[in-house]
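1. Attaching a predicted model along with its sequence, questions to come.
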Amino acid sequence: GVVEGVKISSQLEWQELLRDLGFPVSPLGGVCKNAKAAQEFYFDIEKKRHKLPFDIDGVVIKVNSFKLQDQIGFIARSPSWATATKYKPEQATTKVEKIIVQVGRTGALTPVAVMDPVKVGGVTITNATLHNIEEVQRKDVREGDTVVIHRAGDVIPEILEVVLDKRPKGSQPFEMPSKCPTCHEKVVKLEEEVITRCVNPLCPSVMKESLKHFVSRRAMNMEDLGDKLIEQFFDAELVQKF
């Protein structure tokens with residue numbers, strides 16, 4: 001391609017031009033002469049991954065020559081001349097202090113593990129959703145358990161498994177409450193669903209979360225009206241019902 005009279009013919013030349021123009025370009029990139037060198041680059045970056053001043057979840061391997069890129073072409077909108085190579089999410093071990101139950105805008109009760117703070121991929125993790133009672137039973141997560149966690153997709157905290165030989169004596173399986181932890185009305189679990197729900201439309205948690213969703217960017221997009229203000233309105237009893 002040509003950029004203001006400067007002819008560039010490769011990915012490397014393009015990055016050098018960007019660097020000359022003052023754009024930030026990572027010094028970690030480079031040209032690999034063959035597939036083996038590309039593999040070695042992949043593993044070399046993996047060793048340096050956690051020392052970098054930013055988070056990465058992999059590296060992208062590209063064909064250097066623009067001419068070859070044109071010949072190789074695209075599949076739909078994805079280039080056939082480039083591929084992302086991902087690393088396994090970083091894991092850590094921590095302790096489940098307690099399992100709380102949160103109530104969402106649809107009344108769904110969600111068990112959440114509250115854990116000793118632990119760093120995973122440069123981020124401190126304290127909570128991990130357990131989704132529903134079937135997920136809790138499948139993984140058999142209990143209060144007091146030592147668990148292995150990671151960030152699914154390097155983003156969402158997730159409990160992978162329980163370290164059973166560190167389970168405290170006398171631990172009990174987690175059970176969903178029979179009453180809503182917010183309004184204390186009886187909860188319902190339909191046979192065809194895995195989710196337990198509070199069906200009280202005036203439940204404070206249901207109303208709070210519904211309003212948070214209503215004013216959010218994905219809904220009415222009300223600026224300067226966020227979660228904290230909604231909480232304060234309810235706590236001050238300025239909002240009590242729809």
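-> Yes, it's here.
2. Assign residue 23 to one of the three secondary structure states.
-> Secondary structure assignment for residue 23 (DSSP: H, G, I helix; E, B strand; the rest coil): coil.
3. Next: residue 68.
-> Assigned by three-state DSSP, the conformation of residue 68 is helix.
4. Local confidence estimate at the closest residue to it other than its chain neighbours?
-> With Cβ to Cβ, 6 or more residues apart in numbering as the criterion, residue 68 has its nearest non-adjacent residue at 6.8 Å, and that residue is residue 81. Any C-beta I mention is one placed from the backbone N, CA and C, and that applies to glycine too. As predicted, residue 81 sits at a pLDDT of 96.
5. Residue 81 against residue 67, yeah?
-> No: judged on Cβ atoms under 8 Å, residue 81 makes no contact with residue 67 at a distance of 10.6 Å.
6. More neighbours: which of the two?
-> Using other Cβ atoms under 10 Å, the more surrounded residue of residue 81 and residue 67 is residue 81, with 18 against 10.
7. so who does that one touch?
-> 62, 63, 68, 69, 72, 73 (Cβ atoms under 8 Å, 6 or more residues apart in numbering).
8. Residue 233 too?
-> Residue 233 sits next to residue 239 when contact means Cβ under 8 Å, 6+ apart.
9. List the buried residues of the one helix or strand it maps to.
-> Applying DSSP states H and E as the criterion places residue 233 in helix 227-235. Of the residues in helix 227-235, 230, 234 count as buried by neighbour count, 16 or more other Cβ atoms under 10 Å.
10. Would you tell me which helix is longest in this structure?
-> Ranked by residue count and defined by DSSP state H, the top helix of the chain is helix 35-48.
11. Please enumerate residues in contact with that helix?
-> By Cβ under 8 Å, 6+ apart, the surrounding residues in contact with helix 35-48 are 28, 30, 32, 56, 59, 61, 85, 87.
12. Check the offset of it from the chain's centre.
-> Offset of helix 35-48 from its chain centre (Cα atoms, centre = their mean, to the nearest Å): 26 Å.
13. Mind listing what's buried along it?
-> 41, 45.
14. What mean pLDDT does the helix or strand following it get?
-> Heading C-terminal from helix 35-48, the first helix or strand you meet, by DSSP H and E, is strand 58-62. The average pLDDT within strand 58-62 is 95.
15. Partner strands of strand 58-62, with direction?
-> Here strand 58-62 is paired, per DSSP bridges, with strand 82-86 (antiparallel).
16. by how many degrees do the strand it pairs with and helix 35-48 diverge?
-> Between strand 82-86 and helix 35-48, the angle comes out at 40 degrees (axes from the mean of the first three to the mean of the last three Cα atoms, to 10 degrees).
17. Could you list the alpha-carbon positions for the next helix or strand after strand 82-86 in CSV?
-> As assigned by DSSP H and E, the chain's next helix or strand after strand 82-86 is strand 91-103. Provided in CSV are the C-alpha atoms of strand 91-103 (Å, rounded to 0.1, in the frame of the first residue of the first chain):
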residue,chain,number,x,y,z
GLN,A,91,-5.5,-20.2,37.7
ALA,A,92,-5.3,-19.5,41.5
THR,A,93,-6.4,-21.2,44.7
THR,A,94,-8.4,-19.4,47.4
LYS,A,95,-11.0,-20.1,50.1
VAL,A,96,-14.8,-19.7,50.0
GLU,A,97,-15.7,-17.6,53.0
LYS,A,98,-19.4,-17.8,52.5
ILE,A,99,-22.1,-18.3,49.8
ILE,A,100,-24.6,-15.5,49.5
VAL,A,101,-27.8,-15.3,47.4
GLN,A,102,-28.4,-12.3,45.2
VAL,A,103,-31.8,-11.4,43.7
